[in-house]
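Student: Need a 3D model of the sequence below.
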Amino acid sequence: MKREGFWSLRRLPKVPEPARPKVHWDYLCEEMQWLAADFAQERRWKRGVARKVVRMVMRHHEEQRQRQERAKREEQAKLRRVAAAIAREVRHFWSSVEKVPTTNGDHR
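Tutor: Reported below is the predicted structural model:
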C-alpha cells in the first residue's frame with residue numbers, strides 16, 4: 001500500500017464518535033458519581049462533627065476535674081480555718097486561766 005500511495009506516513013485525523021443520546025445507563029452512572037461525592041462529603045462532615053464533640057467532651061471532663069480539685073482545696077482551706085479558730089480559742093482559754101499556786105512548793 002505504501003508503494004501504491006495508499007498508506008500515509010502521517011497520522012490520520014481522529015474521527016470523532018457520533019453523539020449519541022443519553023440512555024438509562026448514562027443517567028445511572030451520573031447518579032452514582034453524584035452519590036459517591038455526596039457520601040464522601042458527608043463522611044468528611046461527620047468526622048468534623050465527631051472531632052468537635054470529642055473536644056467538647058474532653059473540655060467537659062477537664063473542667064469537671066478542675067472543679068473537683070478546687071472544691072477539695074476549698075474544703076482543706078475551710079478545715080484549716082476551723083482548726084486555726086479552735087487553736088485560738090484553746091490558747092485564749094489557757095491564757096485566761098489563773099495559775100493555781102501550789103501549797104507544798106512542788107512545781108509540777
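Student: looking only at pLDDT, what's the mean for the helix or strand containing R59?
Tutor: If you go by DSSP states H and E, R59 is part of helix 24-96. For helix 24-96, mean pLDDT is 96.
Student: Which secondary structure elements does it sit against?
Tutor: Applying 3 or more CB pairs under 8 Å, 6 or more residues apart in numbering; DSSP states H and E, one finds that helix 24-96 contacts no other helix or strand. C-beta coordinates here come from the backbone N, C-alpha and C atoms, glycine included.
Student: Distance from that helix to the middle of the chain?
Tutor: How far helix 24-96 lies from its chain's middle: 9 Å, per CA atoms, centre = their mean, to the nearest Å.
Student: go on, stretch 20-37?
Tutor: From the chain centre to the centre of stretch 20-37 is a distance of 40 Å (CA atoms, centre = their mean).
Student: What residues of that stretch count as buried?
Tutor: By neighbour count with 16 or more other CB atoms under 10 Å, stretch 20-37 contains no buried residues.
Student: contact partners of it?
Tutor: By CB atoms under 8 Å, 6 or more residues apart in numbering, no residue outside stretch 20-37 reaches it.
Student: Look up how far M58 lies from R80.
Tutor: 33 Å (CB to CB, to the nearest Å).
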